[in-house]
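Asks: turn this into a structure:
(4 chains)
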2 protein chains.
Amino acid sequence: MIVEQSAEERIIAAAKAVFLEKGMAGARMQDIADRAGINKALLHYYFRSKDKLFLIIFQEAVMSFLPQIQSLFYTAPDISTLIRGFVQSYMTMLVNQPYLAPFIIHEINHNPSSLWKTMNEPGPGPFPIEAFHQLVEKEINLGNIRTIDPFQLWTHMMGLCLFPFLGRPLMKMVFRFDDPQFDAFLGERQEEIILLLTTSLNLNK
Amino acid sequence: MIVEQSAEERIIAAAKAVFLEKGMAGARMQDIADRAGINKALLHYYFRSKDKLFLIIFQEAVMSFLPQIQSLFYTAPDISTLIRGFVQSYMTMLVNQPYLAPFIIHEINHNPSSLWKTMNEPGPGPFPIEAFHQLVEKEINLGNIRTIDPFQLWTHMMGLCLFPFLGRPLMKMVFRFDDPQFDAFLGERQEEIILLLTTSLNLNK
DNA sequence: GTCTATACGCAGATAGAC
DNA sequence: GTCTATCTGCGTATAGAC
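Replies: Numbering: from 1, shown residues only, chains lettered A, B, ... in the order given. Take a look at the predicted model:
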């Protein structure tokens, strides 16, 4: 069933598509208006400026970019299950939103202040780093994994999952992959990352 | 001793600084002229357009971004030495060029065609993926490392080293690190990456 | 709320003097 | 080669009719 969208909803959807693909500096209000099926003036009627509209899209994007793994912490019986669940759900999300990672990386490096605006909002923080910290230390004390800095482990997980979505054009060129080959590579990568992390942490007893 | 630079050299240096910091869409010809100590007209005298100037800087950046590890292949006695040499030299380069990684990632995703122009130039290819492929397969056949797709290993190495330089603002926020803390984190990261890779490949006998 | 028309500033590129 | 002055188009934002 097709639902009628209000002008405001159509603008948000259009702005999200254009900003994520082109970035703040490359996006054009005209493109957003065209995609939403309205004209430029109406954009300024609903949202005063390009900056205001961008901030809304940016904040929404940051929230979906930072892994929402609170639930994983409370359901995963051990860190092996956590890693597996994280890698699978995070990479699936990235496959479905191919522009998200390059967008976030670019914008946080060029306008860090908008990142802080996002963080100073009410509600639960975007990522429970303390909980992750405690879980890793618990597993180390139990002798389940080797000694490792939780910050380093977090960076491993993020970097291993994210890089293919950031460097895709480069990798396609260096590897001489076409799109189907790259998709196959991504599919195999989930298990490879899980294997890499678990073997290094001594989880594959 | 201070060497006199020609106007053309000063422009290239200024363009490199501005383009890497702001990106193609965010860079301004006026900024480049100011930094080079000349005026806008002279930019167009030496380089016909912003696009032409950008392409020069972009090609140079890609060459320094793709690891130049040909020499490592011929001097490293084994893959453990290769990994260690790669991680140390690559991360040192990235520390010294903090804008390089975000710049490349953004531009290749927004103008992939310029990447192909870069690659179709004469001279040695930017990265000897075949040589890497053969080395990994040789080590697998010798029983020195576990079975692994060389493309996956390459992606591990790149992603693990690069991500902190791409997500720095995000990580500083999530980890609540200031600059000295982040630098210390980067220093420790080199050995952590080497440990992660070697233990997972069964190289730490 | 939605539109057309337009004001305003900015940035890339050029003309032409020296 | 290097400069000042200027042209031109584009993009954000606003004015005002309906």
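
Asks: could you say which helix or strand holds the closest residue to DNA strand C within chain A?
Replies: At 3.2 Å from DNA strand C, residue A:41 is the closest residue in chain A, using CB to the nearest atom of the strand. (C-beta placed from N, C-alpha, C; glycine too.) In this assignment (DSSP states H and E), residue A:41 forms part of helix A:40-46.

Asks: contact partners for the residue nearest the centre of chain A?
Replies: Per CA atoms, centre = their mean, the C-alpha nearest to the average position across chain A is that of residue A:65, at 2.5 Å. If you count contacts by CB atoms under 8 Å, 6 or more residues apart in numbering or on different chains, residue A:65 has them with A:100, A:101, A:104.

Asks: quick check: buried residues in the lowest-mean-pLDDT helix or strand in chain A?
Replies: Using mean pLDDT, DSSP states H and E, helix A:70-75 stands out as the lowest-scoring helix or strand of chain A, at a mean of 78. Buried residues in helix A:70-75, defined by neighbour count with 16 or more other CB atoms under 10 Å in any protein chain shown: residue A:72.

Asks: what does it rub up against?
Replies: Residues contacting helix A:70-75 (CB under 8 Å, 6+ apart): A:82, A:85, A:86, A:89, A:124, A:128, A:131, A:132, A:135.

Asks: in this structure the second one contacts residue A:77, no?
Replies: No - contact between residue A:85 and residue A:77 fails when scored by CB atoms under 8 Å: they sit 10.9 Å apart.

Asks: tell me which of these two has more neighbours.
Replies: Comparing residue A:85 with residue A:77 by other CB atoms under 10 Å in any protein chain shown, the one with more neighbours is residue A:85, at 17 against 7.

Asks: that one: which element?
Replies: Here residue A:85 is assigned to helix A:79-96, by DSSP H and E.

Asks: low-confidence stretches in chain A?
Replies: A:1-3, A:122-126, A:205 (pLDDT under 70).

Asks: show me it divided up by domain.
Replies: Domains of chain A are assigned by automatic domain parsing as A:1-62, A:66-205.

Asks: can you list the residues of chain A near DNA strand D?
Replies: With CB under 7 Å from any atom of the strand as the criterion, chain A comes near DNA strand D at residues A:27, A:28, A:29, A:30, A:40, A:41, A:44, A:48, A:49, A:50, A:51.

Asks: what is the helix holding residue A:41 packed up against?
Replies: On a contact count with 3 or more CB pairs under 8 Å, 6 or more residues apart in numbering or on different chains; DSSP states H and E, helix A:40-46 meets helix A:7-26, helix A:29-36.

Asks: and with 6 Å instead?
Replies: helix A:29-36 (3 or more CB pairs under 6 Å, 6 or more residues apart in numbering or on different chains; DSSP states H and E).

Asks: any residue of stretch A:9-16 up close to DNA strand C?
Replies: No - counting by CB under 7 Å from any atom of the strand, DNA strand C is not contacted by stretch A:9-16; separation bottoms out at 8.9 Å.

Asks: can you list the buried residues in that stretch?
Replies: In stretch A:9-16, counting by 16+ other CB under 10 Å, buried: A:10, A:11, A:12, A:14, A:15, A:16.

Asks: can I get it as PDB, trimmed to CA atoms?
Replies: The C-alpha trace of stretch A:9-16 is given here as PDB (Å, rounded to 0.1, in the frame of the first residue of the first chain):
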ATOM      1  CA  GLU A   9       8.700  14.000   4.800                       C
ATOM      2  CA  ARG A  10       9.600  14.000   1.100                       C
ATOM      3  CA  ILE A  11      12.100  16.800   1.700                       C
ATOM      4  CA  ILE A  12      13.800  14.900   4.500                       C
ATOM      5  CA  ALA A  13      14.000  11.800   2.300                       C
ATOM      6  CA  ALA A  14      15.300  13.800  -0.600                       C
ATOM      7  CA  ALA A  15      17.800  15.700   1.500                       C
ATOM      8  CA  LYS A  16      19.100  12.500   3.000                       C
END
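
Asks: and that stretch, how far from the chain's centre?
Replies: Distance of stretch A:9-16 from the chain centroid (CA atoms, centre = their mean, to the nearest Å) equals 19 Å.

Asks: do the same with stretch A:57-66
Replies: 7 Å.

Asks: quick check: buried residues in it?
Replies: Buried-residue list, stretch A:57-66, by 16+ other CB under 10 Å: A:57, A:58, A:59, A:61, A:62, A:65, A:66.

Asks: got the buried residues for the helix holding residue A:41?
Replies: Neighbour-count burial for helix A:40-46 [16+ other CB under 10 Å]: residue A:43.

Asks: who touches that helix?
Replies: Helix A:40-46 is contacted from outside by A:8, A:11, A:29, A:33, using CB atoms under 6 Å, 6 or more residues apart in numbering or on different chains.

Asks: which one (most neighbours) among the residues you listed?
Replies: residue A:11 (24 neighbours).

Asks: just checking, that residue touches residue A:36?
Replies: Yes - using CB atoms under 6 Å, residue A:11 is in contact with residue A:36, at 4.8 Å.
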